[in-house]
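>>> would you be able to build a 3D model of this:
(2 chains)
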Amino acid sequence: MRKLVTFCFVVAILFCFQVAFGTDLNAAVNSAAADGGVLKGLASLWEFTGFANVHYTHVIMIAVGLFFIFLAIKYDYEPLLLIPIGTGIILGNIPFLAGYKIGLYEEGSVLNYLYFGVKQGIYPPLIFLGIGAMTDFSSLISNPKLMILGAAAQVGIFGTFLGASALGFLPNEAGAIAIIGGADGPTAIFLSSKLAPDLMGAIAIAAYSYMALVPVIQPPIMRLLVPKKERAIKMKPPRAVSTTEKILFPLIGLLLTTFIAPSALPLLGMLFFGNLLKESGVTERLADTARNSLINIVTILLGITVGASTQADVFLTMDSIKIFGLGALSFVIATAGGLLFARLLNLMLKKDNKINPLIGAAGVSAVPDSARVVQQEGLKTDPNNHLLMHAMAPNVSGVIGSAVAAGIMLSFLM
Amino acid sequence: MSFLIVDSTTWTITILGWIIVFAALLFLVGIFLLVPKIIQGSIKRSLKEKGKTNITDDQLEISGETNAVIASALYMYLNENHDDESNVITIKQVRRRYSPWSSKLYGMNNMGFPK
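Numbering: from 1, shown residues only, chains lettered A, B, ... in the order given. The predicted structure is shown next:
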């Protein structure tokens, strides 16, 4: 009985439609079948599917995305970055019919709107705000001379700039590629969005990939350049830092660095602002939002859009391969620069105040992974030698150094 | 002008850029070597005003080790501090007054029972 009522109801609705719009549904269906309309419809549907538009380059990129996700889950390599980026790579490389506002590079698509934050350099300063709100600079304040190691490791940036120029990249492109040596994803995205937007996808992926691979890249260089005896050096525990010093640090740092490199104002301004929120002690709610909710939201958006920007047709080029090569080189140069400078610094320090040269490797930035690698390497040499707190000093000064270097590059090359 | 594969402008940017990064961070180092001394000086001055004249630097500076000991002592005190209990275990018998609302006799489930 109920089925009969439903059937009658549907027929009544169809009849109403027919009367209201003057469409003879049966006739329409019959004529479509007669013209081969059903087949045409199916053919059109097929054209819309990914299977019809797939190219082998899409498959390669999807495999890269899946590999990133595998690395993140299996080996725990920067999962907070590699999972969004890996998923983004898959999203950006699903084949589709162009012109329907689907792809990241199509004006008006949802992904294009989200990508706006990357293209205009909005997301990186917000990430820096969160980093500032979660970073404790006290190890740096207690032993300020370790800050120089952060500057020494920036040799990676300038060495790569030379290398990229020698390989024939334009000066602005070379500057954007060089920042991979800063081992700082947001800075790399910020600078490349300004200097070489076309290369941004490759630069960002290279920067984040090598940051994830810091535990693989750095240890062999450390063992090669620092003798075992020096790896075992125990450093003095850092002194206690007063609240006044902690509050003064972001204020002085902000004024000084932004006066030297005003182009890096969005990055450094947000970094020190975030730190002031944390250290002032009266804006705990704001600091909490910056270091948790805000940075998480922006990381998701940044990761997914940077990943999606690697569409096979714009990403799989000879330039990308060169960028990956230069990126690896820049990490090696930066690590070696930090380590060798730490050894050089030791020659000038008193016997009871020597530093463990391993902490020089943390100057490459890549917070906090490179500091963690230093700690592990230190423990391998001497299980009682904990270098983490000491390594955090060059590590955070590397962040400041790479942001200053980015500002200088912008000033020279914009 | 080309010099060692790349042109002179590239060399200028490279060398000058690195020097500026170094200078910026060296400047910060200098300031933060100075700041603790200024703070200590002002503390000493205020202590002198209060009549405490023989203050040494060691008394003002707390080492990281001392801090770590204080922090771990506080941590242990706050986390291992346990409530003192009376050790008297009380079992309270639950008694409910009769109500037809919860009565089995008037419950709906009794409908199908054989009479």
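
>>> and A:L126, what helix or strand is that in?
Element membership of A:L126, judged by DSSP states H and E, is helix A:123-134.

>>> please export the C-alpha coordinates of that helix as CSV.
C-alpha atoms of helix A:123-134 as CSV (Å, rounded to 0.1, in the frame of the first residue of the first chain):
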residue,chain,number,x,y,z
TYR,A,123,51.1,32.4,5.8
PRO,A,124,54.9,32.5,6.6
PRO,A,125,54.7,35.5,9.0
LEU,A,126,51.8,33.8,10.8
ILE,A,127,53.9,30.7,11.2
PHE,A,128,56.7,32.9,12.6
LEU,A,129,54.3,34.4,15.1
GLY,A,130,53.6,30.9,16.4
ILE,A,131,57.3,30.0,16.4
GLY,A,132,58.0,33.1,18.4
ALA,A,133,55.3,32.3,20.9
MET,A,134,56.7,28.8,21.4
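
>>> what's the first helix or strand after it?
That would be, after helix A:123-134 and using DSSP H and E, helix A:138-142.

>>> can you give me the neighbour number for A:I141?
21 (other CB atoms under 10 Å in any protein chain shown). Bear in mind the C-beta positions are built from the backbone N, C-alpha and C, glycine included.

>>> wait, it touches A:V241, no?
Yes: counting by CB atoms under 8 Å, A:V241 is a contact partner of A:I141 at 4.8 Å.

>>> in the chain, which ranges drop under the pLDDT threshold?
Looking at chain A here, since you left the chain open. Residue ranges of chain A with pLDDT under 70: A:1-36.

>>> hmm, no, I was thinking of chain B.
B:1-4, B:57-60, B:64, B:83, B:102-115.

>>> find the centremost residue of it, please.
B:A71 (10.6 Å; CA atoms, centre = their mean).

>>> chain B versus A:F137, what's the distance?
Distance, A:F137 to chain B, using CB to the nearest CB, to the nearest Å: 10 Å.

>>> ditto for A:V54
Taking CB to the nearest CB as the measure, A:V54 falls 42 Å from chain B.

>>> which ones are touching that residue?
A:P95 (CB atoms under 8 Å, 6 or more residues apart in numbering or on different chains).

>>> which residues in the stretch 151-300 of chain A form helices?
A:155-166, A:171-178, A:185-195, A:200-212, A:214-225, A:228-231, A:243-260, A:265-280, A:284-289, A:295-308 (DSSP state H, counting those that start in this stretch).

>>> hang on, the earlier thing: got a list of contacts for the helix holding A:L126?
A:117, A:185-187, A:189-190, A:250, A:266-278, A:287-288, A:290-292, A:294-295, A:298-299, A:301-302, A:367, A:399, A:403.

>>> and A:G99, how many neighbours?
8.

>>> tell me which residues touch the closest residue to it other than its chain neighbours, please.
Closest residue to A:G99 in three dimensions, ignoring its sequence neighbours and counting by CB to CB, 6 or more residues apart in numbering or on different chains: A:E106, at 7.5 Å. With contact taken as CB under 8 Å, 6+ apart, A:E106 is in contact with A:A98, A:G99, A:Y100, A:N112.

>>> who wins for neighbours among these?
A:N112 (18 neighbours).

>>> what strand or helix carries it?
Using DSSP H and E, A:N112 maps to helix A:110-119.

>>> helices or strands up against that helix?
Packing partners of helix A:110-119 (3 or more CB pairs under 8 Å, 6 or more residues apart in numbering or on different chains; DSSP states H and E): helix A:185-195, helix A:295-308.

>>> of those helices, which is nearest chain B?
When the helices and strands packed on helix A:110-119 are compared by CB to the nearest CB, helix A:185-195 sits nearest chain B, at 12.3 Å.

>>> in the chain, which helix is the longest?
Answering for chain A, as no chain was given. helix A:318-348 (DSSP state H).

>>> ah, no, chain B please
helix B:8-49.

>>> could you say what helices and strands that one packs with?
Counting by 3+ CB pairs under 8 Å, 6+ apart, helix B:8-49 packs on helix A:147-152, helix A:155-166, helix A:171-178, helix A:243-260, helix A:388-413, helix B:57-60.

>>> what is the distance between it and the centre of its chain?
Relative to its chain's centre, helix B:8-49 lies at 27 Å (CA atoms, centre = their mean, to the nearest Å).

>>> can you give me the angle it makes with helix A:155-166?
170 degrees (axes from the mean of the first three to the mean of the last three CA atoms, to 10 degrees).

>>> which residues of the stretch 151-300 of chain A lie near chain B?
Taking CB under 8 Å from any CB of the partner chain as the contact definition, the stretch 151-300 of chain A meets chain B at A:151-152, A:154-155, A:157-159, A:161-162, A:165-166, A:171, A:174-175, A:237-240, A:242, A:244-245, A:248-249, A:252-253, A:256-257, A:260-261.

>>> just the buried members of the residues you listed?
For these, a burial check counting by 16 or more other CB atoms under 10 Å in any protein chain shown picks out A:151-152, A:154-155, A:157-159, A:161-162, A:165, A:171, A:174-175, A:237-240, A:242, A:245, A:248-249, A:252-253, A:256-257, A:260-261.

>>> please name the nearest non-neighbouring residue to A:F137.
In space, A:F137 is closest to A:F249, 5.3 Å off (CB to CB, 6+ apart).

>>> right, and the one you found touches A:I141 too?
Yes: between A:F249 and A:I141 there is a contact under CB under 8 Å: 5.6 Å.

>>> mutual contacts of these two, please.
Joint contacts of A:F249 and A:I141 (CB under 8 Å, 6+ apart) are B:F32.

>>> hang on, the residue nearest to A:G99 is in a helix, isn't it?
No: with DSSP: H, G, I helix; E, B strand; the rest coil as the criterion, A:E106 is located in coil rather than a helix.

>>> please report how far it lies from chain B.
Counting by CB to the nearest CB - A:E106 and chain B are separated by 36 Å.

>>> try A:I127
21 Å.

>>> neighbours around that residue, how many?
24.

>>> now do A:G281
So A:G281, with other CB under 10 Å, has 11 neighbours.

>>> correct me, but it touches A:T244?
No: counting by CB under 8 Å, A:G281 does not reach A:T244; the two are 11.3 Å apart.

>>> dump the residue contacts of A:I177.
Contacts of A:I177 (CB under 8 Å, 6+ apart): A:T160, A:F161, A:A164, A:F169, A:S192, A:A196, A:L199, A:I203, A:I323, A:L326, A:G327.

>>> check contacts around the nearest residue to it once chain neighbours are set aside.
Leaving aside its chain neighbours, A:I177 sits nearest to A:A164 (4.4 Å; criterion: CB to CB, 6+ apart). If a contact means CB under 8 Å, 6+ apart, then A:A164 has A:E173, A:A174, A:I177, A:A178, A:K322, A:L326 as its contacts.

>>> chain neighbours aside, what residue packs nearest to the residue of the stretch 251-400 of chain A found nearest chain B?
Chain B sits closest to A:I260 of the stretch 251-400 of chain A, with a gap of 4.7 Å, by CB to the nearest CB. Sequence neighbours aside, B:A24 is the residue nearest to A:I260 in space, at 4.7 Å (criterion: CB to CB, 6+ apart).

>>> how many residues are close by residue 45?
This is for chain A. Using other CB under 10 Å: A:L45 sits among 10 other residues.

>>> wrong one, I was asking about chain B
B:R45: 9 neighbours (other CB under 10 Å).
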